[in-house]
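**Student:** next input, structure requested:
(chains A and B)
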Amino acid sequence: MTEDIKLLSVEDLDNFEKQFHSREIENYMAAVSEISHSNSSEVFSNSGNVHAAIIFSHIFSKSKSIVRILAGNMYNVVTLSNVYQDALLAFLGRKDTRLHILLNSDQLEEIKKTAIQDSIFKKLQPYASKITIRKTKKELKRDGKMIHLCIGDQSMYRLETDPEHRHAEVCLNDADYINKYLIPAYEKLFSLDEGAIECQCETIYN
Amino acid sequence: MDLSHYNTLLQLSVGLNIACIAVYKANVFGQIIETYFTQTADLIKERADTIRKRMSIGQTSLKTTNKYNGGIDITPRANDLLRIYDHVSYVISKENIKQLNDDIERDYTPKCMSGIATFSTLYAILQLIVILLNKIGLETDSIFMVFSLVSCVPTIIFILTKLFYMHPLYAKIRELKITYKDLRKSYIELRSQSRNPIKKIWYRLRVCCITRRLIRGNQLMALGDKSIDDKRKEKVYTLRKKICMFLSVRAAVLLIITCFILSILLAPYINLSDATISTSKWTAFIVAYIPFIIYAYILFVYERHRKDIIDEFFSDAEELLQSSEKLYEFISDDLRNSRPTNFSS
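**Tutor:** Residues are numbered from 1 along each chain as shown, chains lettered A, B, ... in the order given. Sure, this is the predicted structure:
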């Protein structure tokens, strides 16, 4: 897999944060909360960085026990945003929570050399005992197309069908699909037997 | 009333005039956005994307898996829903609201409003300048009084012509509202008679489209003029055109500045008695306030009419969206059950 590493500047992050202060985004957050609150099993599209960050933060804030993430390198405006990080750290701050992260980018080392921001993994270090991070060279595919994934407990998921443009499918209440298909597929890839390599927060990009 | 009270009131007049114009220029569409975004445009777009994506995957049709009517082809319904979403997304988009606002403003706002606004504001500002000059020791009482008296004439003309102009305009607005209400009523009746739920939604959509066309299609003038016969219409048009020219901002600026210069030039030659000065104070006070009161009244009536029409337009779209929720649930059932299940690594 090849990915272009886009260097992120402070301005990039500031500009991204500013986008959250609009009426449209507030309305979007309210609508997502409404879907979640009503226990609707509606499957809806999610695209763009801001919308992605909102869904991630929603999944983190509503999850009670475990969050599973399958991502490229987790070095992007979404993972470095306050909305994403605050929600993830709040999740880890809660009792009996666990976080599984599986990275499948082959350019992790380049990020170490070029990254100018503190990566998300530095912020996760205080919760290292609750986090399992692994790297893999394999990709998870659905219908033959590479996907990224975030699963909250056994009820919420965000399945990214086009990571480059952040096009994803979201459902905030579907235990059936998650238990039957998503968790088994994720766990298979996450397994050490399948070639995944264990790593630590502080050495993730090494 | 002594002069100091009088000055305070005039200064207040300046403030009120300027504030009034600021409110007018700020537009009302910001409030409209806040009122009507109970559903987010982003979410609607994403729903539409989901349906489109599902329809473009390769399957030629969507089939419901509802246990009562499993296997029914719901592609036409999905297409209906997409049309509704497109319509509603457009209606509640910022661009549309701004465009709608501009269209209504262009149709409704008579030029005399900006003329009167400019006239009364400039009048008040010039009065304030005279008062300030007086405070720093210059003798301006005579200029002030003459200015007040001279500018009485254009103010009275403004008021008369405004009343003459505004009457047919109000008639038009009323007529538009009646026409719109009739159309809407007939479609609502059709909708209630229909037993087909999809047809019902389509009638509702039709109501929205009619409203949009009425507002956007620049048909306000045509509707309003139906009641006037051709010859009279011709006369009214010619006269209205002249009045508009007379009441334009440029004319108002020119008129008030001429009055002011005339007052400065004439003041030394007019010998005012105490009684004249006392009368002039009241005249000046009334002259300063009448345009403002009229202007405020126009703003009130105009904004109320505009808000009424936009209100109905948006509440229709909102209703349409709510009524389509069941249809979405119906289709959502298929979308959920048709997700791919073949994962590999």
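
**Student:** any idea what A:Leu102 is bridged to?
**Tutor:** A:Leu102 forms beta bridges with A:Leu70, A:Arg134, as assigned by DSSP bridges.

**Student:** tell me, how many neighbours does it end up with?
**Tutor:** 23 (other Cβ atoms under 10 Å in any protein chain shown). Yep, even glycine has a C-beta here, placed from its N, CA and C like the rest.

**Student:** where does the chain have its least confident helix or strand?
**Tutor:** Defaulting to chain A. Lowest by mean pLDDT, DSSP states H and E among the helices and strands of chain A is helix A:108-114, with a mean of 62.

**Student:** um, chain B though
**Tutor:** helix B:220-224 (a mean of 34).

**Student:** run through the stretch 101-250 of chain B and note the low-pLDDT ranges.
**Tutor:** B:101-125, B:127-128, B:131, B:134-135, B:137-250 (pLDDT under 70).

**Student:** swap the cut-off to 50 and go again
**Tutor:** Scanning the stretch 101-250 of chain B for pLDDT under 50 picks out B:107-112, B:169, B:173, B:212-229, B:233, B:236-237, B:240, B:244.

**Student:** what do you get for chain A?
**Tutor:** A:1-3, A:116.

**Student:** spell out the residue ranges of the strands in it.
**Tutor:** A:43-46, A:66-71, A:98-103, A:131-135, A:140-142, A:145-152, A:156-162, A:167-171, A:197-199 (DSSP state E).

**Student:** dump these to JSON lines, plus distance to A:Asn27.
**Tutor:** JSON lines is the format used below for the strands of chain A (distance: least, Cβ to Cβ, whole Å):
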{"stretch": "strand A:43-46", "distance to A:Asn27": "15"}
{"stretch": "strand A:66-71", "distance to A:Asn27": "26"}
{"stretch": "strand A:98-103", "distance to A:Asn27": "30"}
{"stretch": "strand A:131-135", "distance to A:Asn27": "33"}
{"stretch": "strand A:140-142", "distance to A:Asn27": "30"}
{"stretch": "strand A:145-152", "distance to A:Asn27": "22"}
{"stretch": "strand A:156-162", "distance to A:Asn27": "19"}
{"stretch": "strand A:167-171", "distance to A:Asn27": "17"}
{"stretch": "strand A:197-199", "distance to A:Asn27": "40"}
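
**Student:** mind listing what A:Ile55 touches?
**Tutor:** Contacts for A:Ile55 (Cβ atoms under 8 Å, 6 or more residues apart in numbering or on different chains) come out as A:32, A:46, A:158, A:168, A:170.

**Student:** hmm, A:Ile147 is touching A:Leu159, no?
**Tutor:** Yes: under the criterion of Cβ atoms under 8 Å, A:Ile147 makes contact with A:Leu159 at 5.7 Å.

**Student:** the more surrounded of these two?
**Tutor:** A:Leu159 (24 against 21).

**Student:** look up how far chain B lies from the more buried one.
**Tutor:** 9 Å (Cβ to the nearest Cβ, to the nearest Å).

**Student:** residues touching the residue nearest to that residue when sequence neighbours are not counted, list them.
**Tutor:** Distance criterion Cβ to Cβ, 6 or more residues apart in numbering or on different chains; nearest residue to A:Leu159, sequence neighbours excluded, is A:Glu169 at 4.8 Å. Shown in contact with A:Glu169 (Cβ under 8 Å, 6+ apart): A:43-46, A:158-159, A:161, B:50, B:339.
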